[in-house]
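> got a sequence here, can you build the structure:
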Amino acid sequence: MRLATACLSLVSLLYVFSMTATAQESNQPPRGFTAIFNGKDLSGWHGMGHFDPRKLWAMSDDEQKKKRSDEISDFQKHWRIESGELVNDGEGGYATTNKDYGDIELWIDYKTVAKADSGIYLRATPQVQIWDTTKEGGKWEIGADKGSGGLWNNSKGAPGKDPLIVADKPFGEWNRFRIRQVGDRTSVWLNDKLVVDAAPLENFWDRTRPLFSKGPLQLQTHGGEIRWRNIFVREIPADEANALLRGKDPEGFVAVFNGKNLEDWAGAVENYDVKDGAVTCKAGKGGVLHTKEKYDDFVVRLEFKLPPAGNNGLAIRYSGKGDPAYEGMCELQVLDTEDAKYANLDPRQAHGSAYGIIPAHRGYLRPVGQWNYQQVTVQGSSIKVELNGTTILDGDLGKVTEFMNNSPHPGKDLKSGYFGFAGHSDPVEFRNISIKRLKPAGT
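Predicted structure coming up:
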């Protein structure tokens with residue numbers, strides 16, 4: 001069953017790639033894509049400048065409508081339609097989609113002029129950069145010589161800030177972007193050449209927090225005419241996003257669940273079922289199901305699916321007895337955090353949190369009933385949780401001195417233990433579980 005599922009995912013990805021290998025012309029999208037610019041008018045778009053989206057989302061509906069209304073005249077002044085092309089004169093607010101997008105594939109053509117620069121905001125966040133890459137453009141000192149397509153607003157030296165290669169065409173020719181956003185991972189192809197390879201797009205508005213889970217697309221204006229055409233979007237479904245994030249397990253990962261039975265597991269085995277390649281806590285049952293082997297530093301990859309208000313947890317360096325939230329290094333919450341049942345949670349109880357110790361960022365779970373992909377890295381006393389391609393926790397348990405309800409965590413400093421699932425009576429499902437052992441930190 002697992003092999004069949006993996007083959008299906010690969011076939012699906014190959015099919016999608018074949019359908020999108022060449023974007024269509026004359027505003028006719030490839031199969032699976034939607035044209036979000038109709039080539040005739042500004043329907044589906046509005047004007048908004050460089051504006052913190054958190055301030056926008058904090059506004060009431062009436063306040064948002066007023067802001068949009070106030071910017072209409074500026075938008076219409078600086079943006080026009082010519083021969084099926086969306087044209088900006090280099091001034092004014094940015095063309096902004098009315099719709100917010102999460103995981104997507106974007107195809108877009110652009111043509112600009114000397115000394116102009118521009119960019120594409122993803123989830124209201126700057127940006128995939130567009131440069132005049134010539135020396136005469138006068139911006140080599142800030143990276144224009146490295147070419148377009150980079151995540152220019154990422155921190156200095158961060159992955160993706162500088163493109164892998166220069167792929168720009170000469171002025172007067174159309175350039176084509178293919179941009180894929182899954183979680184915070186951004187991949188950019190410029191004129192069919194990979195220039196950014198799955199690099200995290202930093203949250204420009206607050207670098208202490210992850211990229212927003214959704215937001216509008218924006219086409220930046222910046223001092224020179226730019227033309228856009230063939231603007232197509234495909235929203236990436238959960239199963240495809242999970243397959244893209246996982247890819248092929250790198251060397252060193254070992255499957256610890258065979259998808260058929262629990263012969264490699266110990267603990268509360270009688271309280272879990274295996275069905276359709278997934279291990280599930282029986283409704284009304286619980287306890288810790290854990291591996292037979294112990295792990296020091298490691299990375300675990302898995303998928304999970306929550307029922308409404310579902311509650312479980314990942315037991316990290318579990319001692320084999322007692323409550324893993326206290327007797328293990330920690331329990332990482334697996335929880336339908338957004339259910340009304342949990343409206344008054346302590347932040348250290350949200351999904352992905354080291355229970356009672358360090359809170360995780362919220363808002364990155366897929367809807368109930370969909371499979372989520374999660375990767376956890378445990379190195380020394382540090383722990384990192386990546387959910388659906390976004391880092392929601394990255395902290396050092398060894399530095400924490402204040403705990404929820406002032407409850408001590410005697411197992412917090414364990415150097416080794418079992419990996420497992422901490423059932424809490426709900427039928428939460430897990431599948432595709434693999435672990436890679438790591439060398440100790442500093443070696």
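
> quick one, phi/psi of the residue positioned nearest the centre of the chain?
Centre of the chain computed as the mean C-alpha position; nearest residue by Cα atoms, centre = their mean is Gly183, 0.9 Å away. The phi/psi pair for Gly183 (degrees, to the nearest 10) reads phi 60, psi -130.

> the nearest residue to it once chain neighbours are set aside and Leu438: what is the separation?
Of all residues not flanking Gly183 in the chain, Gly389 sits nearest, at 1.8 Å (Cβ to Cβ, 6 or more residues apart in numbering). Heads up, the C-betas are built off the backbone N, CA and C, glycines and all. Distance of Gly389 to Leu438, given as Cβ to Cβ, to the nearest Å: 21 Å.

> isn't the residue nearest to the centre of the chain right up against Ile392?
No: counting by Cβ atoms under 8 Å, Gly183 stays clear of Ile392, with 9.9 Å between them.

> list residues touching both of these two?
Tyr364, Glu386 (Cβ atoms under 8 Å, 6 or more residues apart in numbering).

> picking up where we left off before, residue contacts, the residue nearest to the centre of the chain?
Asp103, Leu211, Ala241, Leu245, Tyr364, Glu386, Leu387, Asn388, Gly389, Thr390.

> show me where the stretch 301-443 of the chain has its strands.
Listed in chain order, the strands of the stretch 301-443 of the chain (DSSP state E, counting those that start in this stretch) span 311-318, 330-335, 371-379, 382-387, 390-396, 417-424, 429-437.

> what residue spans form the domains of this structure?
22-236, 242-437 (automatic domain parsing).

> ranges for the strands of the stretch 51-200 of the chain?
With DSSP E, counting those that start in this stretch, the ranges of strands along the stretch 51-200 of the chain come out as 79-82, 85-88, 94-97, 104-112, 118-122, 125-130, 175-182, 185-190, 193-200.

> got TSV for those, with mean pLDDT too?
TSV is the format used below for those (pLDDT from 0 to 100):
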stretch	mean pLDDT
strand 79-82	96
strand 85-88	96
strand 94-97	98
strand 104-112	97
strand 118-122	97
strand 125-130	97
strand 175-182	98
strand 185-190	98
strand 193-200	98
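
> for the ones you listed, which one sits closest to Gly310?
Proximity to Gly310, assessed across those by Cβ to Cβ, is greatest for strand 175-182 (23.7 Å).

> distance from that closest one to the middle of the chain?
On the basis of Cα atoms, centre = their mean, to the nearest Å, strand 175-182 sits 15 Å off its chain's mean C-alpha point.

> now that strand - C-alpha only, CSV.
Extracted in CSV, the C-alpha atoms of strand 175-182 (Å, rounded to 0.1, in the frame of the first residue of the first chain):
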residue,chain,number,x,y,z
ASN,A,175,11.0,36.9,-19.3
ARG,A,176,9.1,34.1,-17.7
PHE,A,177,8.9,33.1,-14.1
ARG,A,178,7.7,29.9,-12.7
ILE,A,179,7.4,30.2,-8.9
ARG,A,180,6.5,27.5,-6.5
GLN,A,181,5.6,28.3,-2.9
VAL,A,182,5.0,25.4,-0.4
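
> what angle sits between it and strand 118-122?
Here the directions of strand 175-182 and strand 118-122 differ by 20 degrees (axes from the mean of the first three to the mean of the last three Cα atoms, to 10 degrees).

> contacts for strand 175-182?
Identification of contacts with strand 175-182 by Cβ under 8 Å, 6+ apart yields 20, 23, 101-111, 120, 122-123, 128, 130, 148-149, 168-169, 186-192, 198, 201, 230, 236, 241, 244-245, 388-389.

> could you tell me which of the residues you listed count as buried?
By neighbour count, with 16 or more other Cβ atoms under 10 Å, these hold 20, 23, 101-111, 120, 122-123, 128, 130, 148-149, 168, 186-191, 198, 201, 230, 236, 241, 244-245, 388-389 as buried.

> pLDDT weak spots in the stretch 301-443 of the chain?
For the stretch 301-443 of the chain, the stretches with pLDDT under 70 are 442-443.

> try it again at 80.
441-443 (pLDDT under 80).

> swap in the stretch 151-300 of the chain?
Low-confidence segments of the stretch 151-300 of the chain (pLDDT under 80): 248-250.

> tell me where it has helices.
For the stretch 151-300 of the chain, the helices defined by DSSP state H, counting those that start in this stretch cover 238-246.

> using PDB, write out every CA atom in stretch 429-442.
The C-alpha coordinates for stretch 429-442 follow below in PDB (Å, rounded to 0.1, in the frame of the first residue of the first chain):
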ATOM      1  CA  GLU A 429      -3.500   8.700  12.300                       C
ATOM      2  CA  PHE A 430       0.200   8.600  11.500                       C
ATOM      3  CA  ARG A 431       2.000   7.200   8.400                       C
ATOM      4  CA  ASN A 432       5.300   7.300   6.400                       C
ATOM      5  CA  ILE A 433       7.400   7.500   9.500                       C
ATOM      6  CA  SER A 434      11.200   7.500   9.100                       C
ATOM      7  CA  ILE A 435      14.100   8.400  11.400                       C
ATOM      8  CA  LYS A 436      17.700   9.500  10.700                       C
ATOM      9  CA  ARG A 437      20.200   9.300  13.500                       C
ATOM     10  CA  LEU A 438      22.500  12.400  13.800                       C
ATOM     11  CA  LYS A 439      26.000  12.800  15.100                       C
ATOM     12  CA  PRO A 440      26.100  14.600  18.400                       C
ATOM     13  CA  ALA A 441      26.200  18.400  18.200                       C
ATOM     14  CA  GLY A 442      29.700  19.700  17.900                       C
END
